[in-house]
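Asks: my questions are about this predicted structure, shown below with the sequence.
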Amino acid sequence: MDADGGRRIFNRLGPSSSSDSNGRQQKVCFHWERGKCTRNPCPFLHGELPTAANGKRGHQGFGAEDNYRGGGGLRRSGNYNFNNSNHNNSWGRPQSQQPVSGNRTFVRKVDKKICSYWLQGSCRYGDTCKFLHQWSTDSFTLLTPLEGHKQAVTGITLPSGSDKLYSGSEDETVRIWDCQSGQLAGVVNMGCSVGCMLSEGPWVFVGLTNLVKAWNIQTSMELSLSGPVGQVYSLVVGNDLLFAGNKDGSILAWKFNAATNCFEPAASLLGHTLAVVTLVVSGNKMYSGSMDHTIRVWSLETMQCIQTLTGHNHVVTSVLCWDQFLLSASLDNTVKVWAATEAGNLEVTYTHTEEQGLITLCGMHDSESKPVLLCSCNDNSVRVYDLPSFSERGKIFSKEEVRSIQIGPGGLFFTGDGSGQVRVWKWSAESTATS
């Protein structure tokens, strides 16, 4: 799919003959491909050519259709387990007032330039502005911005069974937002910069400097897990253990002891030479990405490193698992897709290149239950891609780079950027997180 900046793509495909019943030519509009068509109606297509007889459309990226085996999932370091029935998705608006995306029959010319007034929060033209605010072919819409953080948002989590959203920032606070009203419900001063956040069951974990703070939102119990050296940049749960990636390159693990009601040190995983900034668990393995440009694969049974991946030449900023693949993002401007060989080792099978360094990856399903990948880049944008083709579906622009992306129930997802703004987004129809 072509990816011209401000172009909007609409479904105007007709029969596969040379022209449809309205006399419209079955050719893609030359001007529309460049985002410049102003004819309404246009006699040519404003969309991709019809699917070929073999069912293929465009390049297949790193995997063909037979790579979908069902039950495959996207996971990232963060909260990916939630109960859809426990959250109100209105975010302060009655459902009847939610933005509704319909099938439009016209194309508005949009300049590729980002609106400077929108960046300042003062654009009065809204959706009719000729400059970019965002664009998307699947019509995810901004429900509400959550204002309050003074510095970069580094963690967002939505605990299971709670009607609250938690966001952590480099401004040394955790803000708690009411999902029903969209209003601030509380502020917790942490005393140092928040590096990451994670929720698992009733627990909310906050990565701090030399410390992991644990809150039980059901019992109000608060625990401090000591041991990390420097900032804690990443947290993940696997095999009944909590893992923390630290500035000194170590990964520490704790196990909860129900008898003593506390987390006890369980393991220390050593090998990285610089900070561990991303962690993900899939099956009986954990994957860690580091500032030392490597990814390490750890066995959760032996707590030993079983492979070191060296395909990136800059900081590995994010890792996630989808189906049988491992996806990794880096400041070297690439997303790499890794697959296991017959010998069981991971090798790069596909490389997707951006013009900017990548900050974080997040995966979810769209309104039609198709897997999509959200990629935050250093140019203050989030790109949305189909998997496995890597066809671009849309972009979201932020005032500063998006540091954190979190999925939620009912097609919700959340972004937190370098300016301190948290934004709540929703696909046009119900979608679910991959689990």
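Replies: Yep, that arrived.

Asks: show me the residue at the heart of the protein, geometrically.
Replies: Cys362 (2.6 Å; Cα atoms, centre = their mean).

Asks: centre of the chain to the helix or strand encompassing that residue, how far?
Replies: Applying DSSP states H and E as the criterion places Cys362 in strand 358-365. Offset of strand 358-365 from its chain centre (Cα atoms, centre = their mean, to the nearest Å): 3 Å.

Asks: which other helices and strands contact it?
Replies: On a contact count with 3 or more Cβ pairs under 8 Å, 6 or more residues apart in numbering; DSSP states H and E, strand 358-365 meets strand 75-76, strand 316-322, strand 325-330, strand 334-340, strand 371-377, strand 402-407. (Glycine included, C-beta is placed from N, CA and C.)

Asks: now the first one: average pLDDT?
Replies: Per-residue confidence for strand 75-76 averages out to 35 on the pLDDT scale.

Asks: name the next helix or strand downstream of it, please.
Replies: helix 116-119.

Asks: all helices of the chain, in order?
Replies: All helices of the chain, identified by DSSP state H, fall at 30-33, 116-119.

Asks: worst average pLDDT in those helices?
Replies: helix 30-33 (a mean of 55).

Asks: let me see the domain layout of this protein.
Replies: As assigned by automatic domain parsing, the chain contains the domains 1-58+109-133, 75-102+139-426.

Asks: ok so, going back, could you dump the helices and strands packed on strand 358-365 to TSV with distance to Asn284?
Replies: TSV is the format used below for the helices and strands packed on strand 358-365 (distance: least, Cβ to Cβ, whole Å):
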stretch	distance to Asn284
strand 75-76	14
strand 316-322	12
strand 325-330	14
strand 334-340	14
strand 371-377	23
strand 402-407	24
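
Asks: ok, Trp254 to Ala267 distance?
Replies: Between Trp254 and Ala267 the computed distance is 9 Å (Cβ to Cβ, to the nearest Å).

Asks: who touches both of those two?
Replies: The contact sets of Trp254 and Ala267 overlap at Leu241 (Cβ atoms under 8 Å, 6 or more residues apart in numbering).

Asks: which one of these two has more residues nearby?
Replies: Using other Cβ atoms under 10 Å as the criterion, Trp254 and Ala267 rank with Trp254 on top: 21 against 14.

Asks: ok, the more buried one - contacts?
Replies: 212, 225, 241-242, 244, 263-266.

Asks: and if we set it to 7 Å?
Replies: 225, 241-242, 263-266 (Cβ atoms under 7 Å, 6 or more residues apart in numbering).

Asks: mind giving me the PyMOL command for buried ones among those residues?
Replies: Those of these that count as buried under 16 or more other Cβ atoms under 10 Å are selected in PyMOL with:
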select buried, resi 225+241+242+263+266
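
Asks: any weak-confidence spans in the chain?
Replies: The chain contains residues with pLDDT under 70 at 1-112, 119-121, 127, 133-139, 429-435.

Asks: tell me the spacing between Ser419 and Ile407.
Replies: 22 Å.

Asks: between those two, point out the one with more neighbours.
Replies: Higher neighbour count among Ser419 and Ile407: Ile407, with 26 against 18, using other Cβ under 10 Å.

Asks: what bridges to the more buried one?
Replies: Counting by DSSP bridges, Ile407 is bridged to Phe413.

Asks: my guess is it contacts His365, does it?
Replies: No - with contact defined as Cβ atoms under 7 Å, Ile407 does not reach His365; the gap is 9.1 Å.

Asks: buried set for stretch 215-222?
Replies: 215, 217.

Asks: cool, stretch 296-308 as well?
Replies: Residues of stretch 296-308 classed as buried: 296-298, 300, 303, 305 (neighbour count, 16+ other Cβ under 10 Å).

Asks: contact partners for Glu401?
Replies: 359, 376, 378, 380, 417-418 are the contacts of Glu401 under Cβ under 7 Å, 6+ apart.

Asks: the closest residue to Ile295 other than its chain neighbours - how many residues pack around it?
Replies: Nearest residue to Ile295, sequence neighbours excluded (Cβ to Cβ, 6 or more residues apart in numbering): Leu309, at 4.0 Å. Other residues lying near Leu309 total 22 when counted by other Cβ under 10 Å.
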